[in-house]
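# any chance you could fold what I've pasted below:
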Amino acid sequence: MRTRLGLLKLVALMLALLVLFGSEVAGAAGKTHVVQKGHSLWSIARRYGVTVDALRAKNGLGESDKIVPGQELQIPAKGEQPKTRARAAENKSSEPDQQAKHWVLRKPDQSTQTQKSPAERGGINPCLTPDPGFGVYDRWSRAPAVGQMIAPQRGGITPSGRFDVMFHFHGHEAARKEWVRVMNGAVLVGVDLGLGSGPYAAAFRSPDAFKRLVESVEVAMAKKHGRKQARARRIGLSAWSAGYQRYGRSVVDLVVLLDGLHSGYGPVTLNEQQLAPFVRFAREAKARRKLMFVSHSSIIPPGYASTTETANYLISKLGGRPRKARPRASDPMGLELISRYSSGNFHVRGYKGNDKMDHCAHLGLYGDVLKVHVRRRWNSPRGRKSG
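The predicted structure is shown next:
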């Protein structure tokens, strides 16, 4: 069950984030097909007039690899030939050697495969944390086009009608618990459509979907404060499992990915096309034009790249290497820091642990990221309680 849930979560994350970041990627590289329920490699190959072998080769799929709804497949050009069987066998036999030479593809080692009980985490189950209430914020409102939002009961908006807003994907209640402990002005929108890819595909298929979502929050804030010109000033995206689309590339100021960035494998390394949008944003953050924070556990998923590998891939694309780090008493919920990397406004933090509670604990990092990076960067108009 955990394997299937992990795969479904991967599909939801990659689909939504590629819809967010990746519209131009599909256009630049050729046709892209989003797998739907009931599709097979044979039916997809027939639809586009290519061979199944060419389709597998284009997407780095082995003969036993399965496709799942929401997965994106690159369609080879007609006449594009797959590698010969002999060459494929040769590559397969040398794959362990290639992985040993390429540090990005190294799995977390045995020393990181640890678990802790709630008692060892200070008496806290990271998947079921105490509820601090809503602080200066209203209760959840269904005003947004997708998801729900909390805004300060009063304030949180400039005299000219500007406000800051974070869109958080997956785990909105856990994110809210951390949000209200730290933030007191910016709006939080939670988009939590479940584990399957279908709801995210439906919600964000349109190129204007994210724009409409932002505009719906602006309408809600205009109504709340009686200001027709209420507009989002700074926009952030945080995700424990999902993301955004084309409109977002130009307007989003920061991205926070909490143990949630996976990808498939390509012929040589990770699936570079899937990760290209994240690389671009990381470069913007390195240049201090944006901000990006990525965390990873040491969980090793079956059949696709771990968050350790994807984080290392981003670091490698910036010309860096993570450095070893010691655990810190300040890290929440029993997390043990093992690696870190920072360049400009791009930050990666790696942690021990390979079970569900370790994964949940990364939502506990949200409060730290908000305090250290987001609140300081945005300096949002202060909110307060009514009365």
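
# tell me the SS of Leu341?
One thing to correct before we go on: residue 341 is Tyr, not Leu. Here Tyr341 is recorded as strand under DSSP: H, G, I helix; E, B strand; the rest coil.

# now do the same contact list for it.
Taking C-beta atoms under 8 Å, 6 or more residues apart in numbering as the definition of contact, the neighbours of Tyr341 are 315, 320-323, 347-348. (Each C-beta comes from the backbone N, C-alpha and C, glycine too.)

# so which of these are in helices?
Taking DSSP state H as the definition of helices, the contacts of Tyr341 contribute Ile315.

# just curious, which of the contacts of Tyr341 is nearest to Glu178?
Among those, His347 lies closest to Glu178 (C-beta to C-beta), at 17.2 Å.

# how about the strands in the stretch 1-150 of the chain?
Taking DSSP state E, counting those that start in this stretch, the strands of the stretch 1-150 of the chain run over residues 32-34, 72-74, 148-150.

# okay, now Ser141: neighbour count?
Ser141 is surrounded by 15 other residues when neighbours are defined as other C-beta atoms under 10 Å.

# who does the closest residue to it other than its chain neighbours bridge with?
With C-beta to C-beta, 6 or more residues apart in numbering as the measure, Met149 is the residue that lies nearest to Ser141, at 5.3 Å, once sequence neighbours are left out. As for beta bridges, Met149 partners with Ser141, Val189 under DSSP bridges.

# Met149 is in contact with Arg139, isn't it?
No: using C-beta atoms under 8 Å, Met149 and Arg139 do not qualify as a contacting pair, with a distance of 10.2 Å.

# out of the two, which sits in the busier spot?
Relative neighbour count places Met149 above the other of Met149 and Arg139, with 24 against 9, counting by other C-beta under 10 Å.

# give me the pLDDT value at that one.
Reported pLDDT at Met149 in the predicted model: 98.

# ok, now Pro199?
For Pro199, the model assigns a pLDDT of 66.

# what's the burial count for Glu215?
A count of nearby residues for Glu215, using other C-beta under 10 Å, gives 16.

# quick check: it is in a strand.
No: in this structure, Glu215 is helix, not part of a strand, as judged by three-state DSSP.

# how about the contacts made by it?
For Glu215, the set of contacting residues under the criterion of C-beta under 8 Å, 6+ apart consists of Ala145.

# then Met149?
So Met149 contacts 140-141, 143, 187-190, 217, 220 (C-beta under 8 Å, 6+ apart).

# with those in mind, which one is nearest to Leu61?
Lowest distance from Leu61 to those (C-beta to C-beta) belongs to Gly190, with 34.4 Å.
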